[in-house]
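A.B. asks: Take a look and give me a structure for this.
(one chain, ligands or ions: 1)
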Amino acid sequence: MQRFARSRAPKQAINWLCSSLNQSRSFQTPSFATVDAEGISGSQPAEVSNLVQGSWTKTSNWSTVLDPLNGEPFIKVADVDETGLQPFVESLSKCPKHGLHNPFKSPERYLMFGDISTKVAHMLSQPDVSNFFIRLIQRVSPKSYHQAHAEVFVTQKFFENFCGDQVRFLARSFAVPGNHLGQQSHGFRWPYGPVTIITPFNFPLEIPVLQLMGALYMGNKVLLKVDGKVSIVMEQTLRLLHECGLSMDDVDFINSDGKTMNKLLLEAKPQMTLFTGSSRVAEKLAVDLRGRVKLEDAGFDWKILGPDVQEVDYTAWVCDQDAYACSGQKCSATSILFMHENWASSPLISKMKSLAERRKLEDLTVGPVLTVTTETMLGHMKKLLEIPGSKLLFGGEPLENHSIPNIYGAIKPTAVYVPCEEILKEGNFELVTREIFGPFQVVTDYKDGQLQMVLDALEKMEAHLTAAVVSNDLLFLQKVIGNSVNGTTYAGMRARTTGAPQNHWFGPAGDPRGAGIGTPEAIKLVWSCHREIIYDVGPVPHQWQIPPST
Ligand SMILES: NC(=O)c1ccc[n+]([C@@H]2O[C@H](COP(=O)([O-])OP(=O)(O)OC[C@H]3O[C@@H](n4cnc5c(N)ncnc54)[C@H](O)[C@@H]3O)[C@@H](O)[C@H]2O)c1
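C.D. replies: This next block holds a predicted model:
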């Protein structure tokens, strides 16, 4: 979000934009929307507002988002600075610790959220509405139509999952008989009350919506902050939610830089903060907020190809999707691929190379990298190539003929081979396991007797988000799964690291602060705590007498 000289749009980007305009000419802008996803441009910039204490507000301090495809300043965001925090602090402080609803207070709100979910699910199933969000996502976080569609589809299915009575079932309690008549213990799911959600740029709709709704379902009041580069998507989503019955006061929405948000958190003291983003910020917030956090942080995700080589074309395709779809900007993207020597002697790598080379900017199957520059990615590659025995497998060059502004990255899908023995060496491990949030992966191989070396590498890693064990050899699967911890691990010859839908728990394991997203279990774990009410209503036994002191 910096001001940049306007650059000429490249031929491919213009062609692509024209074809997408033609494709979507028949779509109407939905009634709740205040922007036209197709029409936003340097000459017709969109504006993003804040929402606090039930009203949409603007500020005098606008930051500008550059169109990732051509550098035009195309979105103006009303940024709140440190002097504008008070309304947000006050708004959050109005919510008590026992929340907006709980099993003993306003239980009708559980039903209300079931109804809201039904309406939103229906709205998102309308082609005008889904296309609006698909295109809006593509404009700010460029990814292929298919990938943006998947994001909207998963979000719609999530809402379908929480229609009717499903929200109140999230707050299901249990009871255990007591020691005497009249005594019974009941376990309840209790909200935290005032909470905050902070999310990154890469899934502008899915991540904030799934976390936001989970928080609301369980009875919390939410202050939401989405990365400013993409916050237009959630601003429009909130307008959709309001149209479907969400109260204007249940969610506040702030646009600010990270430092200002950090200050707000220290002042507002939310009971819980869900942070999704880099490990650097996650660790800072864990300290600043004295542990009142749940974290979904960096992913250095691994895939192991076992000894049983089969379905090489399919496996190559999944490897390509896992590493390079969304230009590698999924926290679940494969960062390192370990192949058994049997795969190393198959045509896998040459097939992966061909698939990577099909990707093109015109259809956004490869595109701008929003948080890592070309220079950083290629610099990292150079350092890896200094490791003895390493070599470039494919890619390794900047994208050509584009006008992606140079605050963003633009490289061809890249794979660098590093020998497994070298990866484990003290000086190399940190370098090789650095997360590059772009179309970049490390590939290595291991011999039949070297599985332990691979497992040692997994043990040394710090992020344990997604993983894939590609094999149908049950003993091999057992060995790898039993010796690793990643929170979302796919196992079997169709295993992948990316593409978790709303019906799979998604989140890291091995960290008590780890959050989850999507499923009822994730919602209950992240957005509610346990409260035990022990009823002890009597009667006191007939002729009871005061016993001796104990
Ligand atoms: N685990 C997951 O589910 C998941 C999902 C998506 C992305 N990620 C990770 O996110 C990272 C990419 O996103 P990014 O680079 O935009 O992350 P980031 O940590 O820089 O930013 C994430 C969010 O935090 C805000 N922020 C930054 N500093 C802050 C501070 N001091 N206090 C409060 N808020 C602050 C940002 O404005 C943004 O909204 C990658 O590491 C990726 O693996 C993880």
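A.B. asks: List the contacts of V537.
C.D. replies: Shown in contact with V537 (CB atoms under 8 Å, 6 or more residues apart in numbering): G182, Q183. Where you see a C-beta, it was placed from the backbone N, CA and C, and this is true even at glycine.
A.B. asks: and it, how far is that from L364?
C.D. replies: 64 Å (CB to CB, to the nearest Å).
A.B. asks: same thing with L181?
C.D. replies: Taking CB to CB, one finds L181 at 68 Å from L364.
A.B. asks: These two: which has the busier surroundings?
C.D. replies: Just comparing L181 and L364: by other CB atoms under 10 Å the higher neighbour count belongs to L364, 25 against 13.
A.B. asks: ok, the more buried one - contacts?
C.D. replies: W16, Q138, P142, K143, S144, Y145.
A.B. asks: residues in contact with the closest residue to the ligand within the stretch 451-550 of the chain?
C.D. replies: Closest residue of the stretch 451-550 of the chain to the ligand, CB to the nearest ligand atom: L465 (5.3 Å). Contact analysis of L465 by CB under 8 Å, 6+ apart lists E296, A298, G299, F300, D301, C331, S332, N486, G487, T488, G507, P508.
A.B. asks: now W56, which residues is it bridged with?
C.D. replies: L51 (DSSP bridges).
A.B. asks: Quick check, it in contact with E47.
C.D. replies: No: using CB atoms under 8 Å, W56 makes no contact with E47, being 10.4 Å away.
A.B. asks: number of nearby residues for the residue in the stretch 51-200 of the chain that the ligand sits nearest to?
C.D. replies: Nearest residue of the stretch 51-200 of the chain to the ligand: P200, at 3.4 Å (CB to the nearest ligand atom). Neighbours of P200 under the rule other CB under 10 Å: 25.
A.B. asks: Distance check, it against V526.
C.D. replies: Distance from P200 to V526, by CB to CB: 16 Å.
A.B. asks: cool, and P439?
C.D. replies: From P439 to V526 the distance is 30 Å (CB to CB).
A.B. asks: Repeat that for G193.
C.D. replies: 14 Å.
A.B. asks: mind listing the helices for the stretch 51-200 of the chain?
C.D. replies: Along the stretch 51-200 of the chain, counting by DSSP state H, counting those that start in this stretch, helices occupy 86-93, 108-124, 127-140, 145-161, 166-170.
A.B. asks: now swap in the stretch 201-350 of the chain and tell me
C.D. replies: Secondary structure of the stretch 201-350 of the chain (DSSP H, counting those that start in this stretch): helices at 206-217, 231-243, 258-268, 279-288, 312-324, 341-344, 348-358.
A.B. asks: Which one of those lies nearest to D445?
C.D. replies: helix 341-344 (4.3 Å; CB to CB).
A.B. asks: which residue is nearest the middle of the chain?
C.D. replies: Nearest residue to the geometric centre of the chain (CA atoms, centre = their mean): I207, 4.5 Å.
A.B. asks: Okay, and the beta partners of the spatially closest residue to it that is not a sequence neighbour?
C.D. replies: Among residues not flanking I207 along the chain, T199 sits closest, at 4.8 Å (CB to CB, 6 or more residues apart in numbering). Using DSSP bridges, the bridge partners assigned to T199 are V226.
A.B. asks: residues touching T199, list them.
C.D. replies: Here T199 is in contact with I207, P208, Q211, L224, K225, V226, D227, T276, G277 (CB under 8 Å, 6+ apart).
A.B. asks: Equivalent analysis for P87, please.
C.D. replies: Applying CB under 8 Å, 6+ apart to P87 gives the contacts V52, Q53, T57.
A.B. asks: how about CSV for these, with neighbour count added?
C.D. replies: Formatted as CSV, the contacts of P87 follow (neighbours: other CB atoms under 10 Å):
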residue, neighbour count
V52, 25
Q53, 13
T57, 15
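A.B. asks: could I get these as a markdown table with pLDDT and distance to the ligand?
C.D. replies: Shown next, in a markdown table, are those (pLDDT from 0 to 100; distance: CB to the nearest ligand atom, whole Å):
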| residue | pLDDT | distance to the ligand |
| --- | --- | --- |
| V52 | 98 | 17 |
| Q53 | 98 | 21 |
| T57 | 98 | 19 |
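A.B. asks: Assign M381 to helix, strand or coil.
C.D. replies: Put simply, M381 is helix when judged by DSSP: H, G, I helix; E, B strand; the rest coil.
A.B. asks: if I look at it, how far off is the ligand?
C.D. replies: 18 Å (CB to the nearest ligand atom, to the nearest Å).
A.B. asks: Use 11 as the first number for this chain going forward.
C.D. replies: Done: numbering now begins at 11, and the last item shifts to M391.
A.B. asks: is it true that that residue touches V426?
C.D. replies: Yes: applying CB under 8 Å as the test, M391 and V426 come out as touching, 5.8 Å apart.
A.B. asks: ok, the two, which is more surrounded?
C.D. replies: More crowded of M391 and V426, by other CB under 10 Å: V426, with 24 against 21.
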